[in-house]
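Engineer: Sequence and computational prediction follow.
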Amino acid sequence: MKKIELDIVALSHSVTQSHNYAVVLGEQHGSRRLPIVIGGFEAQAIAVAMERMNPNRPLTHDLFKNALETFEVELKEVVINNLLDGIFYARLICLKDSKIVEIDSRTSDALALAVRFDCPIYTYEFILDAAGVILEDPEDEEETEETEEVPKRKRKKAGKETALSQYSEADLTKMLDDVLANEDYERAAEIRDELNKRGSQ
């Protein structure tokens, strides 16, 4: 079967299952989106890697990545290979001593590792046909991402943006170190956004 390459285009609260999140995958050469409900821990693991944060202690997925690299196992790609009763299944396609090794994985864990290894994510046509949604107007994508797909951070930032703007860059940098030490990655992302905003001015 022909594989279809996907990118992670958004990470948001799930609108169908409270206390869960949804990672939205988009096909590289098309308008279809594949939303997958994941747990809070896995959402945090994906967000930390996407934000290029460096926790003081390795998260579980960082530990697994370090273990694979120590034993010279390369993660070549992630394939979302099946969908049964609403549950997605995935496999890690690894290379060890010039041999391909496939490892069964939860899709959320596979995505968290794909971000860390910067490897491609694939799925198949029948999965997109069954669970994909079509983005009808590509021009609406930016608006969707701004208003629907990342609402949590924007809502929280509204109340904290003024407070953050009152700190100097040195204070913000120290604060960023402190919240990373406390593993408050959402707050760290807000501080980093403020620092990045100043850097672009």
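Structural biologist: Yep, that arrived. Residues are numbered from 1 along each chain as shown.

Engineer: quick one, strands of the chain?
Structural biologist: 3-13, 21-27, 32-38, 74-84, 87-96, 99-106, 121-124, 133-134 (DSSP state E).

Engineer: Tell me which of the ones you listed sits nearest to Asp178.
Structural biologist: Across these, Asp178 has its closest neighbour in strand 3-13 (24.1 Å, CB to CB). Every residue, glycine included, has its C-beta placed from N, CA and C.

Engineer: got the buried residues for that closest one?
Structural biologist: For strand 3-13, burial by neighbour count (16 or more other CB atoms under 10 Å) applies to Ile4, Leu6, Ile8, Val9, Ala10, Leu11, Ser12, His13.

Engineer: Any chance of the residues you listed in a markdown table with distance to Gly30 and pLDDT as columns?
Structural biologist: Below are those laid out as a markdown table (distance: CB to CB, whole Å; pLDDT from 0 to 100):
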| residue | distance to Gly30 | pLDDT |
| --- | --- | --- |
| Ile4 | 8 | 96 |
| Leu6 | 10 | 97 |
| Ile8 | 15 | 94 |
| Val9 | 12 | 92 |
| Ala10 | 16 | 89 |
| Leu11 | 20 | 87 |
| Ser12 | 21 | 81 |
| His13 | 25 | 75 |
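
Engineer: Now distance to Leu95 too, for those, in TSV please.
Structural biologist: Below are these laid out as TSV (distance: CB to CB, whole Å):
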residue	distance to Leu95
Ile4	21
Leu6	21
Ile8	22
Val9	27
Ala10	30
Leu11	28
Ser12	33
His13	36
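
Engineer: Which one of these is nearest to Ala49?
Structural biologist: Among the buried residues of strand 3-13, Ile8 lies closest to Ala49 (CB to CB), at 9.9 Å.

Engineer: Now do the helices in the protein.
Structural biologist: For the chain, the helices defined by DSSP state H cover 40-50, 60-70, 107-117, 125-131, 141-144, 151-165, 169-181, 185-199.

Engineer: Now the fourth one: average pLDDT?
Structural biologist: So that's helix 125-131. For helix 125-131, the mean pLDDT works out to 95.
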